[in-house]
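>>> sequence-free structure coming up:
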Ligand code: ADP
Ligand code: MG
């Protein structure tokens, strides 16, 4: 099957203070679904320090680096691969500005405006480009093959019927629908 790239993938992280707060977690999950993102993969993990350091390596010389990495390793985060049209920009728009206080002032209805507690604890992460998304997905989903996903799954995430499991918070391709389609083709 040919890759068409109708959908973009982005990496979203719900940071530790969100995972600790069931209300905030549910609200952000609802926003993801209500905004028509498809959840391609999900995992909950307390980040090992080496992974957090690799993930944030572009910030290693910043004054907030140590505090950021320590916070990210302080408890479980929910990490998601999200698919949507223009997913990178769309997710960053929903998140709002990086700095929570600025977000509270200028974009109070965004995720960071609503759930950010400080410039470090700003609720969520979102890739800033498709290249970053690919790099970040490879860090946290080592067995995820982006090319293979585009070749064999994207079309179903875009046009097909999906099953959504709200507990594991992931969309999967509805196999019964696929089988019916195949029967139809064979007839
Ligand atoms: P974004 O997450 O919006 O892409 P950056 O890539 O610039 O923002 O920063 C990565 C993370 O570092 C932010 O999400 C935030 O947790 C933290 N951070 C950024 N700027 C500051 C700051 N001035 N003080 C404390 N933490 C910061
Ligand atoms: Mg960034």
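Done, it's in. This one's a predicted model, so the numbers in the text were calculated from it and none came from an experiment. Ligands and ions are numbered 1, 2, ... in the order given.
>>> ok, residue 128 to residue 150 distance?
Here the distance between residue 128 and residue 150 works out to 20 Å (Cβ to Cβ, to the nearest Å). For glycine as for every other residue, the C-beta is placed from the backbone atoms N, C-alpha and C.
>>> looking at those two, which one has more neighbours?
Comparing residue 128 with residue 150 by other Cβ atoms under 10 Å, the one with more neighbours is residue 150, at 19 against 14.
>>> check which residues of the strand or helix carrying the more buried one are buried.
Element membership for residue 150 (DSSP states H and E) is helix 146-152. Under the neighbour-count criterion of 16 or more other Cβ atoms under 10 Å, helix 146-152 has 146, 149, 150 buried.
>>> quick check, nearest of these to ligand 1?
Sorting these by how near they are to ligand 1, with Cβ to the nearest ligand atom, puts residue 146 at the top with 20.3 Å.
>>> return the residues in contact with that closest one.
Residues near residue 146 by Cβ atoms under 8 Å, 6 or more residues apart in numbering: 9, 134, 137.
>>> for the last one, give its distance to residue 105.
Looking back up the chat, that one is residue 137. Distance check for residue 137 against residue 105: by Cβ to Cβ, it reads 32 Å.
>>> ok, the two, which is more surrounded?
More crowded of residue 137 and residue 105, by other Cβ under 10 Å: residue 137, with 22 against 11.
>>> that one touches residue 82, doesn't it?
No. Between residue 137 and residue 82 there is no contact, the gap being 10.4 Å when judged by Cβ atoms under 8 Å.
>>> what do those two both touch?
Contacts common to residue 137 and residue 82, judged by Cβ under 8 Å, 6+ apart, are 9, 11.
>>> so which strand or helix has residue 179?
Under the criterion DSSP H and E, the helix or strand holding residue 179 is helix 175-186.
>>> what are the contacting residues of stretch 158-167?
Under Cβ under 8 Å, 6+ apart, the answer for stretch 158-167 is 4, 6-7, 29, 33, 38-39, 156, 170-174, 177-178.
>>> now with 7 Å, please.
Stretch 158-167 is contacted by residues 6, 7, 38, 171, 172, 173, 174, 177 when judged by Cβ atoms under 7 Å, 6 or more residues apart in numbering.
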